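A.B. asks: Provided below are the primary sequence and the corresponding predicted coordinates.
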Amino acid sequence: MKSFLSLSPVSDLQEPVGQYEIYCTVLKELEPKRQLYLAVPKRVYEGIFSERFGQLILNSIGIKLIVFDEQLERIIKWIS
């Protein structure tokens, strides 16, 4: 996905959220038991996704997240 480095949080979310929705739609048809997660760096989770705007997007679309530490290259949290 994207690196979430632009000056606009909305711009940062458009592409990955759109891709997530497309992949979910296809997976529901082809492999309905498979679950899709959006992987985001910890800084993004603690930034845009901890704010009301980000929470609204996550909850409205039902996005599942994997939060990872960029330096350690390790998963920190799975959020269903």
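C.D. replies: Okay, I see it.
A.B. asks: which positions within whichever strand or helix holds residue 20 qualify as buried?
C.D. replies: Using DSSP states H and E, residue 20 sits within helix 9-30. Buried residues in helix 9-30, counting neighbours by 16 or more other Cβ atoms under 10 Å, are found at 9, 12, 13, 16, 17, 20, 24. Heads up, the C-betas are built off the backbone N, CA and C, glycines and all.
A.B. asks: quick one: list the elements packing against it.
C.D. replies: strand 38-41, helix 52-61 (3 or more Cβ pairs under 8 Å, 6 or more residues apart in numbering; DSSP states H and E).
A.B. asks: check the offset of stretch 73-80 from the chain's centre.
C.D. replies: 11 Å (Cα atoms, centre = their mean, to the nearest Å).
A.B. asks: ugh, typo on my part, it should be stretch 47-62
C.D. replies: 9 Å.
A.B. asks: next one: stretch 25-38
C.D. replies: Worked out by Cα atoms, centre = their mean, stretch 25-38 lies 15 Å from the chain centre.
A.B. asks: need the residues that contact that stretch.
C.D. replies: 1, 16, 17, 20, 23, 24, 63, 64, 65, 66, 78, 80 (Cβ atoms under 8 Å, 6 or more residues apart in numbering).
A.B. asks: quick one: find the helix or strand in the protein with the lowest mean pLDDT.
C.D. replies: Sorted by mean pLDDT, DSSP states H and E, the helices and strands of the chain end with helix 9-30, the least confident at a mean of 89.
A.B. asks: give me the angle between that one and helix 52-61.
C.D. replies: Relative orientation of helix 9-30 and helix 52-61, computed by axes from the mean of the first three to the mean of the last three Cα atoms, to 10 degrees: 10 degrees.
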